[in-house]
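Peer 1: The following comprises the amino acid sequence and a computationally predicted model.
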Amino acid sequence: MKSFYITTAIDYANGSPHLGHAYEKVLTDVIARFRRQMGDQVHFLTGTDEHGQKVQASARKRGVPPQQFCDEVSGEFRALLPKLNITNDDFIRTTEERHKRVVCQLLQHLFDQGEIYQAEYHGFYSTRQEQFLLDKDRNPDGTWPEIFGEVTEIAETNYFFRLRKYQDWLIEFLTKNENFVFPRYRQTQVLEFLKAPLNDLCISRPKERLEWGIPLPFDDNYVTYVWFDALVNYYSAVVDRPGIWPAAYHVIGKDILVPPHAVYWMIMLQAAGIALPQGIIAHGWWLQRGSKMSKSTGNAFNPLDLVDQFGADAFRYFLIREMNVGQDSDFTPEQFLVRYNSELANNLGNLVNRTLNMTTRFAGGVLPAAEGVEEPERELHELWAKTGPECVAQCEGFQFHTAIERTIAFVTATNAYIEKRAPWKLGKSSEPKDQALLRTSLATMAEALRLAVALLQHVMPTAAARINAVLGHTPGATWRDELNWGTRLNGNKVAEALVLFPRPGKN
Ligand code: MSP
């Protein structure tokens with residue numbers, strides 16, 4: 001079995017989870033579930049990033065010790081996972097011993113190899129971004145951009161990691177592996193960034209300025225820079241579990257691609273002699289009225305409330321249907337309702353209801369076998385013959401939104417097939433030919449429904465399981481076989497009804 005190790009970014013434990021965090025988990029879960037269906041041995045990691053200035057400051061503001069603060073916030077992030085039906089195998093916290101131990105080993109190893117050195121630093125420091133600034137970071141008028149918050153001039157001794165030494169190697173690596181970052185246009189941005197000379201990375205913070213961090217193993221007066229600490233989580237979580245590393249993909253937002261993941265992390269691994277991951281998937285941002293959603297924007301409407309109101313499946317469906325992985329998307333409750341009503345309730349829900357209802361009315365609740373293929377059936381079979389393989393290929397290429405669009409088009413075509421066959425009319429006729437057509441149409445709509453559901457199960461796992469259950473169907477272990485038009489449902493007893501996507505306000 002092919003090993004497929006996938007990770008999300010680990011979330012800062014300094015505020016509550018919001019839509020951006022939820023989306024990343026859902027997207028990664030959809031990929032993980034899809035790969036499991038394809039037969040891979042998946043290991044899925046997520047977690048929380050708990051050290052650094054921001055967390056220390058938030059804990060102080062609340063008047064609690066940082067560890068207690070992190071326990072609470074990390075608990076909130078962890079609680080979101082089952083709510084969204086996320087199938088992570090592990091959850092790492094950077095305050096755990098298993099993580100701190102590996103960070104220290106890595107630092108010591110790099111120090112011993114001469115990849116980390118001590119030097120005097122004079123310059124400007126942004127507390128908000130926890131980074132040193134350069135003149136090129138200034139606005140044209142000489143002021144510092146808003147994102148850096150308060151900027152102070154400092155002079156101090158620190159430890160530096162030799163990034164510059166690996167710049168040519170990284171450029172060559174990315175040039176040779178042109179699909180390393182998905183989408184590809186983001187890889188171009190990394191190479192653009194690498195056109196300017198890299199500065200070595202300051203990986204220490206003096207303890208008098210920041211206490212909440214992992215002490216450097218070779219100098220107890222300093223703690224580790226939070227990014228250097230956090231990135232190691234992907235490795236520390238699995239280092240004792242053979243066969244998992246290297247990662248297949250790190251799923252992250254576009255804001256933390258350059259430099260942390262595409263530059264720091266790649267060079268950290270290369271310098272330490274650790275195998276590189278297969279790639280990085282950089283998704284876009286969810287916006288609300290054009291601006292990035294975050295804790296601080298304080299938008300009154302919280303999209304996560306939709307999970308309570310409409311269920312995890314509908315929420316997952318919307319996020320994956322609406323977002324083209326890599327690009328930004330605007331989140332509006334209106335658009336959520338449009339998709340919910342038109343695609344889920346009226347289209348898919350309608351197909352489920354018709355199938356159950358008509359099988360109950362006209363066939364005593366037992367699905368008959370199809371008895372012939374005429375033009376309407378042939379059209380639907382042909383559409384499926386294209387839809388199935390195309391959707392698999394799109395999912396393999398992370399084009400989940402297009403795969404859903406195709407699947408929903410197939411559901412629409414199935415509903416149109418039902419209109420054409422009008423089983424309610426055939427049911428009134430006692431002609432043997434009409435009765436045979438009735439049986440064929442019932443078998444055809446049920447099989448088409450089963451197939452559509454097979455393509456949606458990584459996105460809407462609960463709805464898929466419920467539909468399969470009312471069709472009396474237990475999906476097989478090899479999912480690819482599930483995608484062949486067949487006769488699996490013949491003779492199955494179906495349920496009379498299933499309310500899948502209730503109208504808002506009703507239940
Ligand atoms: N702690 C760092 C990541 C360390 S990974 C070794 C961090 N944390 S975060 O909480 O700020 O963000 C976590 C993830 O959520 C990031 O991948 C980020 O891009 C993503 N999102 C945060 N807001 C977002 C949106 N509005 N939309 C989509 N995702 C965004 O960065």
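Peer 2: It's in.
Peer 1: Go ahead and confirm Trp424 touches Met358.
Peer 2: Yes. Contact criterion CB atoms under 8 Å: Trp424 and Met358 qualify, at 7.3 Å. Bear in mind the C-beta positions are built from the backbone N, C-alpha and C, glycine included.
Peer 1: Please identify which of those two sits among more neighbours.
Peer 2: Neighbour totals were compared for Trp424 and Met358, and Met358 leads with 21 against 14 (other CB atoms under 10 Å).
Peer 1: my guess is that one meets Pro423, correct?
Peer 2: Yes. If you go by CB under 8 Å, Met358 and Pro423 touch, sitting 5.1 Å apart.
Peer 1: tell me, what's touching the two both at once?
Peer 2: Leu442 (CB atoms under 8 Å, 6 or more residues apart in numbering).
Peer 1: what's the pLDDT at the residue of the stretch 201-350 of the chain found nearest the ligand?
Peer 2: Nearest residue of the stretch 201-350 of the chain to the ligand (CB to the nearest ligand atom) works out as Gly253 at 1.7 Å. For Gly253, the pLDDT comes out at 98.
Peer 1: Scan the helices and strands of this structure for the one with the lowest mean pLDDT.
Peer 2: strand 291-292 (a mean of 74; mean pLDDT, DSSP states H and E).
Peer 1: Mind giving me the packing neighbours of the strand or helix carrying Lys61?
Peer 2: Under the criterion of DSSP states H and E, Lys61 resides in helix 53-62. If you count contacts as 3 or more CB pairs under 8 Å, 6 or more residues apart in numbering; DSSP states H and E, helix 53-62 packs onto helix 66-83.
Peer 1: Pull the distance from the helix it packs on to the chain's centre.
Peer 2: When distances are taken as CA atoms, centre = their mean, to the nearest Å, helix 66-83 is centred 19 Å away from the chain's centroid.
Peer 1: hey, C-alpha coordinates of that helix in PDB?
Peer 2: Output of helix 66-83 as PDB, limited to C-alpha atoms (Å, rounded to 0.1, in the frame of the first residue of the first chain):
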ATOM      1  CA  PRO A  66       0.700  30.500  29.000                       C
ATOM      2  CA  GLN A  67       0.400  26.700  29.300                       C
ATOM      3  CA  GLN A  68      -3.100  26.900  30.800                       C
ATOM      4  CA  PHE A  69      -4.100  29.400  28.100                       C
ATOM      5  CA  CYS A  70      -2.800  27.000  25.400                       C
ATOM      6  CA  ASP A  71      -4.600  24.100  26.900                       C
ATOM      7  CA  GLU A  72      -7.900  25.900  26.600                       C
ATOM      8  CA  VAL A  73      -7.300  27.300  23.100                       C
ATOM      9  CA  SER A  74      -5.900  24.000  21.700                       C
ATOM     10  CA  GLY A  75      -8.900  22.300  23.200                       C
ATOM     11  CA  GLU A  76     -11.100  24.500  21.200                       C
ATOM     12  CA  PHE A  77      -9.300  23.700  18.000                       C
ATOM     13  CA  ARG A  78      -9.400  20.000  18.800                       C
ATOM     14  CA  ALA A  79     -13.100  20.200  19.500                       C
ATOM     15  CA  LEU A  80     -13.800  21.600  16.000                       C
ATOM     16  CA  LEU A  81     -12.500  18.400  14.300                       C
ATOM     17  CA  PRO A  82     -15.200  15.900  15.100                       C
ATOM     18  CA  LYS A  83     -17.800  18.600  14.500                       C
END
